[in-house]
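Q: Just need the structure, nothing else, for what follows:
(2 chains)
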Amino acid sequence: MKSASSRRTSTSTASNSREEARGAASNNAGTAAWADTQETAEVVAACQKDDPLAQRRLYEASHQNVYRLVVRMVGVQDAADVTQQVFLQTFRKIGQFSGRSQFGTWIYRVAVNESLQHLRKSKRSKMQGLEQEPTDRSPSGNENVDDKELLEQALAQLEPGLRSTFLLREVEGFSYGDIAGALEIPEGTVGSRLNRARRELKQYLIELGWEP
Amino acid sequence: MNCPEVQERLSSFYDSQLSQEEAARVEAHVTGCSTCGEKLASFQQLSGLSGQLSDPPIPAQLWKELQAKLDSPEEPNVVLAHTGSRQIPSRFMVLAATILVAVGIGVVAYQIWDSPSQKHLMVNFAHYLENFSEQPDHAQQVFLAKYDGQPMTLSEATKVLGYEPVAAKGLPPGYTVKEVHLLTMPCCTCAQVVCTDEAGNSIAIFEHAIDQPVWFGDRPTEECDCHDVPTSIRRAGDRLAATWKEGTRYITMIGATDLDEVAEFVDHFKGVNSGGVDG
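A: The predicted model follows:
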């Protein structure tokens, strides 16, 4: 399993400060997205035969990555249920995994799809029950909240499609190509989504009282 | 490069996705422009903040609960059951629907036996239905190649077909038209519109003059009322396919996540064909 930072490739000369900021993000992610290895291929092949030991190994190798993404997509309250659903779907559909894409990208696709499906359903049920509450973006009460917590709050306000794009890039360390594969969008759309995500996140952070 | 051109490329520049030449042009602008420079600096700040995020603690029972679900009988991937405003068919209706489906299968089987082209149609649709949710672009590519898919605009499709496809009158909020094709199939010539939601999920909408159960072969069908409109629901991979009649034409939607999404489209298109010319 390789860390995300080792997967990224540079196509132009980036400034040192950019690389430092990017490096800080990916280093913290630790075991971010992984590249497929012979070991991954063997575990996937065994999972395709419903081998329970292989399922456990796959879970152990990937559940932290999946949970980390899911918790920020759907919130901590529903994260465990959605993560279980991600693995149920993964094991049920793993026979369809042909190896054309990286398995690491494939399982994130399942995680994003399950998260979005969950959000869609909970949004509908909230609308049916008229339970939707206005979003409070006021800075009051955030005096003692650190920047990490502010970012978590700002991320929660971001539109899910933008949130998943930002998380895959900044937390999971995905390349643009892998993000496009995981979200099933054209690679050319990734940059414009990140532009919007970063612009809106900064705005939300400032509204929450963040001082750059 | 001016500011809008630079800002359009700012993430790609920041993430080192531009060619050397383009990156140099962006860098030259950013160096001398405080507005764009500040935006780039905010990207760096966000990366720094993201780098501080810690991994959330994972519930201790996660694997045990998952294992219990893995050991239990498999539940359907797609929930057809529905709450809220949906009119759940009565037992009588379910029985009637089952009989109708059985009769339908018989008719389809006869048609398939009778017509090799329809057999091919059923096989090609089966491939499309199974693959569309996972690989919509690939499924589209294969299907369009089979049935001479001609790309066109909605207004061009209107001229060719003699009626305006429902998508031309607008999609439900949050959906946008991705592509429009005219398909020449053995059963009919029809318009196919692929749209995407905000998350990038694809939905294909076929509009056709007569019902086409042959497309779905012997897939189980559930009949239900979506906003008082009789709708046939079939599984398509881990998504749904739905067919209902709108005005004088039928609409088939492929790729819906759940019955609520089907109901959203049925409701949105309700009445849009009532004043139109028959296709």
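Q: Give me the most central residue, the chain.
A: No chain in the question, so chain A it is. A:L69 (3.8 Å; Cα atoms, centre = their mean).
Q: actually chain B
A: Computing the C-alpha centroid of chain B and ranking residues by Cα atoms, centre = their mean puts B:I203 first, at 1.3 Å.
Q: touching chain A at all, stretch B:173-184?
A: No. Stretch B:173-184 is not in contact with chain A by Cβ under 8 Å from any Cβ of the partner chain; minimum separation 9.8 Å. C-beta here means a position set from N, CA and C on the backbone, and glycine is covered the same way.
Q: That should have said stretch B:53-70, apologies.
A: Yes. Using Cβ under 8 Å from any Cβ, we find that stretch B:53-70 touches chain A at B:53-56, B:58-59, B:62-63, B:65-66, B:69-70.
Q: Contact partners for B:F143?
A: Residues near B:F143 by Cβ atoms under 8 Å, 6 or more residues apart in numbering or on different chains: B:124, B:127-128, B:149.
Q: Ok, B:L70 next?
A: Neighbouring residues of B:L70 by Cβ under 8 Å, 6+ apart: A:52, A:55, A:88, A:91.
Q: Intersect the residues you listed with the contacts of chain B.
A: A:52, A:55, A:88, A:91.
Q: and the two most separated of these?
A: Greatest spatial distance among the ones next to chain B among the contacts of B:L70 (Cβ to Cβ): A:P52 and A:L88, at 13.8 Å.
Q: Between those two, tell me which one has more neighbours.
A: Counted by other Cβ atoms under 10 Å in any protein chain shown, A:P52 and A:L88 do not tie: A:L88 has more neighbours, with 18 against 13.
Q: give the contact list for the more buried one.
A: With Cβ under 8 Å, 6+ apart, A:L88 has these contacts: B:66, B:69-70.
Q: In terms of helix, strand or coil, where does it fall?
A: Following DSSP: H, G, I helix; E, B strand; the rest coil, the label given to A:L88 is helix.
Q: Give the buried residues for the helix or strand in which A:E60 is found.
A: Here A:E60, judged by DSSP states H and E, is contained in helix A:52-74. Of all the residues in helix A:52-74, those buried under the rule 16 or more other Cβ atoms under 10 Å in any protein chain shown are A:54-59, A:61-63, A:65-74.
Q: got it, and stretch B:18-27?
A: So, applying 16+ other Cβ under 10 Å, buried residues of stretch B:18-27: B:18, B:22-23, B:25-27.
Q: restrict those residues to those near chain A?
A: B:18, B:22-23, B:27.
Q: Between those residues, which sits nearest chain A?
A: Closest approach to chain A among those (Cβ to the nearest Cβ): B:A23, at 3.7 Å.
Q: does the nearest residue to the residue nearest to the centre of chain B once chain neighbours are set aside sit in a helix, a strand or a coil?
A: Closest residue to B:I203 apart from its sequence neighbours, by Cβ to Cβ, 6 or more residues apart in numbering or on different chains: B:G255 at 4.3 Å. What three-state DSSP gives for B:G255 is strand.
Q: same question, B:Q192
A: Going by three-state DSSP: B:Q192 is strand.
Q: so what's it up against?
A: B:149, B:180-183, B:204-207.
Q: how long is stretch B:200-217 end to end?
A: 29 Å (Cα to Cα, to the nearest Å).
Q: What values do phi and psi take at whichever residue of the stretch 51-200 of chain B sits closest to chain A?
A: Distance from chain A to each residue of the stretch 51-200 of chain B (Cβ to the nearest Cβ) is smallest for B:G51, at 3.6 Å. Dihedral pair for B:G51: phi -70, psi -20, per degrees, to the nearest 10.
Q: repeat for B:G174
A: phi 90, psi -10.
Q: surely it meets B:D197?
A: Yes. The criterion here is Cβ atoms under 8 Å, and B:G174 meets it with B:D197 at 5.6 Å.
Q: Between those two, tell me which one has more neighbours.
A: B:D197 (20 against 13).
Q: Contacts only, for the more buried one.
A: Going by Cβ under 8 Å, 6+ apart, B:D197 touches B:174-175, B:203.
Q: Dump those residues into JSON lines; add pLDDT and distance to B:D260 as well.
A: Shown next, in JSON lines, are the contacts of B:D197 (pLDDT from 0 to 100; distance: Cβ to Cβ, whole Å):
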{"residue": "B:G174", "pLDDT": "86", "distance to B:D260": "13"}
{"residue": "B:Y175", "pLDDT": "90", "distance to B:D260": "14"}
{"residue": "B:I203", "pLDDT": "94", "distance to B:D260": "13"}
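Q: Would you pull up how far stretch A:46-53 lies from the middle of the chain?
A: Relative to the chain's own centre, stretch A:46-53 is displaced by 26 Å; criterion: Cα atoms, centre = their mean, to the nearest Å.
Q: go on, stretch B:184-199?
A: Centroid separation between stretch B:184-199 and its chain, computed with Cα atoms, centre = their mean, is 10 Å.
Q: Dump it to CSV, restricted to CA.
A: Extracted as CSV, the C-alpha positions of stretch B:184-199 are listed here (Å, rounded to 0.1, in the frame of the first residue of the first chain):
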residue,chain,number,x,y,z
THR,B,184,-32.9,4.1,-34.6
MET,B,185,-34.0,0.9,-33.0
PRO,B,186,-36.0,-2.0,-34.5
CYS,B,187,-38.9,-1.1,-32.3
CYS,B,188,-39.0,2.6,-32.8
THR,B,189,-37.0,5.8,-33.4
CYS,B,190,-36.8,7.7,-30.2
ALA,B,191,-35.1,10.5,-28.5
GLN,B,192,-32.7,9.7,-25.7
VAL,B,193,-31.6,12.4,-23.3
VAL,B,194,-28.8,11.7,-20.7
CYS,B,195,-28.8,14.1,-17.8
THR,B,196,-26.7,14.4,-14.6
ASP,B,197,-27.5,15.5,-11.1
GLU,B,198,-25.3,17.7,-9.0
ALA,B,199,-23.2,14.8,-7.9
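Q: shaky segments in the stretch 51-200 of chain B?
A: Along the stretch 51-200 of chain B, the parts satisfying pLDDT under 70 run over B:73-117.
Q: Going along the chain, name the helices of it.
A: Secondary structure of the stretch 51-200 of chain B (DSSP state H, counting those that start in this stretch): helices at B:62-71, B:91-114, B:116-132, B:136-146, B:154-161.
Q: now the third one and helix B:136-146, what's the angle there?
A: Spelled out, that is helix B:116-132. Per axes from the mean of the first three to the mean of the last three Cα atoms, to 10 degrees, the angle that helix B:116-132 makes with helix B:136-146 is 170 degrees.
Q: quick one: B:V160 and B:T153 touch, right?
A: No. Look at B:V160 against B:T153 with Cβ under 8 Å: they stay out of range, at 10.6 Å.
Q: Mutual contacts of these two, please.
A: Counting by Cβ under 8 Å, 6+ apart, nothing touches both B:V160 and B:T153.
Q: picking up where we left off before, residue contacts, the residue nearest to B:I203?
A: B:132-133, B:136, B:201-204, B:236, B:239-241.
Q: so can I have a markdown table of those residues showing secondary structure?
A: Shown next, in a markdown table, are the contacts of B:G255 (three-state DSSP):
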| residue | secondary structure |
| --- | --- |
| B:F132 | helix |
| B:S133 | coil |
| B:P136 | helix |
| B:N201 | coil |
| B:S202 | strand |
| B:I203 | strand |
| B:A204 | strand |
| B:A236 | strand |
| B:R239 | strand |
| B:L240 | strand |
| B:A241 | strand |
